[in-house]
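need a 3D model of the following:
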Amino acid sequence: MFKLVAASAAVLSIFILNSKQYHIFVQHRLNSVEDYKLVQAEVAAEELAKRNRDS
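Residues are numbered from 1 along each chain as shown. Below you'll find the model as predicted:
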């Protein structure tokens, strides 16, 4: 029984990983992470500039 469940899960995961919607979802998540990193870098640069002005 466990082997049947494992095989079914493997086939289903392969189908999901190959689906276009999944690839769009993953790309969206990657873009969101990159946007977050850019915003964090901008905030850090602004804080550094503010500290340098205040010193």
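
how far does the helix or strand harbouring V5 sit from its chain's centre?
Using DSSP states H and E, V5 maps to helix 2-18. Centroid separation for helix 2-18 versus its chain: 23 Å, with CA atoms, centre = their mean, to the nearest Å.

what residues does that helix touch?
Contact with helix 2-18 is made by Y22, as judged by CB atoms under 8 Å, 6 or more residues apart in numbering. Yep, even glycine has a C-beta here, placed from its N, CA and C like the rest.

for the helix or strand just after that helix, packing partners?
Next along the chain after helix 2-18, taking DSSP H and E as the criterion, comes helix 20-54. Contact here means 3 or more CB pairs under 8 Å, 6 or more residues apart in numbering; DSSP states H and E; on that basis helix 20-54 packs against no helix or strand.

now helix 20-54: mean pLDDT?
Mean pLDDT, helix 20-54: 93.

got the angle between it and helix 2-18?
Going by axes from the mean of the first three to the mean of the last three CA atoms, to 10 degrees, helix 20-54 is angled at 60 degrees with respect to helix 2-18.

where's helix 20-54 relative to the chain centroid, distance-wise?
The answer for helix 20-54 is 12 Å, by CA atoms, centre = their mean.

swap in stretch 15-25?
Worked out by CA atoms, centre = their mean, stretch 15-25 lies 14 Å from the chain centre.

start to end distance for that stretch?
This stretch, stretch 15-25, spans 15 Å end to end (CA to CA, to the nearest Å).

pull out the buried residues from that stretch.
By neighbour count on 16 or more other CB atoms under 10 Å, the buried set for stretch 15-25 is empty.

now A41: how far from K50?
Separation of A41 from K50 (CB to CB, to the nearest Å): 15 Å.

and L30, how many neighbours does it have?
By other CB atoms under 10 Å, the residues close to L30 number 10.

tell me how far it lies from N18.
18 Å.

with S55 instead?
In terms of CB to CB, S55 sits 55 Å off from N18.

also H28?
On the measure of CB to CB, H28 and N18 end up 17 Å apart.

what is the neighbour count of A44?
10.
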